[in-house]
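>>> the following block contains a protein sequence and its predicted model.
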Amino acid sequence: MKTETEYIEFVSALHDTVYRLARSIIGDDVEAEDVVQDVFERVWRARDAVLESDYPRAYVCRMVRNLAIDRQRAKQRAQSFSLSERSAGVSDGEGYINTKDMATLTIKLIEQLPERQRLTIHMRDVEGYEIEEIAHILESDEASVRVNLSRARKSVREQLIKIMSYGVG
């Protein structure tokens, strides 16, 4: 049986990563923290299996992903929320987009990607996961992860170019 100390060390090292993952899926700080707490409670109950698995970090991230998606879907059903209401528009009266605006726009464009692409680009480019680990989390093969990452980056890049050229081109 794993000790409380091992569990605390594992959770402490992983907390920020799983919070950011949950936040990227749900889009709400409080809900994301609730997901993290629920997952860590489940990890405690299954700590032997989790800590002895080949990829304990991936195991936990998969739990976070699944629970966050479940909560997001429930929230969407409850609120009749439509993704079309979340459009990415940039209005800059000075004729340029500064770095903060660009980052905000990029985040909005990533949020509009299909789920697999959004999760893949977040885990790789924001969290720094390796392709193999992402494949394990998403229960996919490495080739699919590479394809989704490439498509996500291409989509974001093309949309940014279109916006930066103000639709010309």
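Alright, I've got the coordinates.
>>> isn't R71 right up against V35?
Yes. Contact criterion CB atoms under 8 Å: R71 and V35 qualify, at 6.2 Å. All C-beta spots, glycine's among them, are computed from the backbone N, C-alpha and C.
>>> between those two, who's got more neighbours?
Neighbours were counted for R71 and for V35 using other CB atoms under 10 Å; V35 has more, 28 against 19.
>>> the more buried one against S24, yeah?
No. If you go by CB under 8 Å, V35 and S24 don't touch, sitting 11.2 Å apart.
>>> residues near K75, how many?
Counted with other CB under 10 Å, K75 comes out at 14.
>>> next, the contact list for R146, please.
Shown in contact with R146 (CB atoms under 8 Å, 6 or more residues apart in numbering): I131.
>>> quickly list what's touching both of R71 and V35.
Common neighbours of R71 and V35 (CB under 8 Å, 6+ apart) are I26.
>>> where are the low-confidence patches of this protein?
Judged by pLDDT under 70, the chain has its weakly predicted residues at 1-2, 76-98, 167-169.
>>> can you list the domain ranges for it.
Here the domain parsing of the chain from automatic domain parsing is 1-81, 85-169.
>>> and the shortest one, how far out from the chain's middle?
Yep, that's domain 1-81 we're talking about. Chain-centre distance of domain 1-81: 12 Å, with CA atoms, centre = their mean, to the nearest Å.
>>> mind listing the strands for this protein?
Counting by DSSP state E, the chain forms no strands at all.
>>> how about the helices of it, start to end?
Secondary structure of the chain by DSSP state H: the helices cover 4-26, 29-45, 47-52, 56-79, 99-111, 115-121, 131-137, 142-164.
>>> show me what contacts T99?
Applying CB under 8 Å, 6+ apart, one finds that T99 lies in contact with no residue.
>>> number the chain from 17, please
Okay, residue one is now 17; in that scheme the one you just asked about reads as T115.
>>> please report how far it lies from H138.
Separation of T115 from H138 (CB to CB, to the nearest Å): 20 Å.
>>> what of I153?
Distance from I153 to H138, counting by CB to CB: 11 Å.
>>> what of I150?
Separation of I150 from H138 (CB to CB): 10 Å.
>>> the two: which is more packed in?
Using other CB under 10 Å as the criterion, I150 and H138 rank with I150 on top: 25 against 22.
>>> list the residues that contact the more buried one.
136, 139-140, 156, 161.
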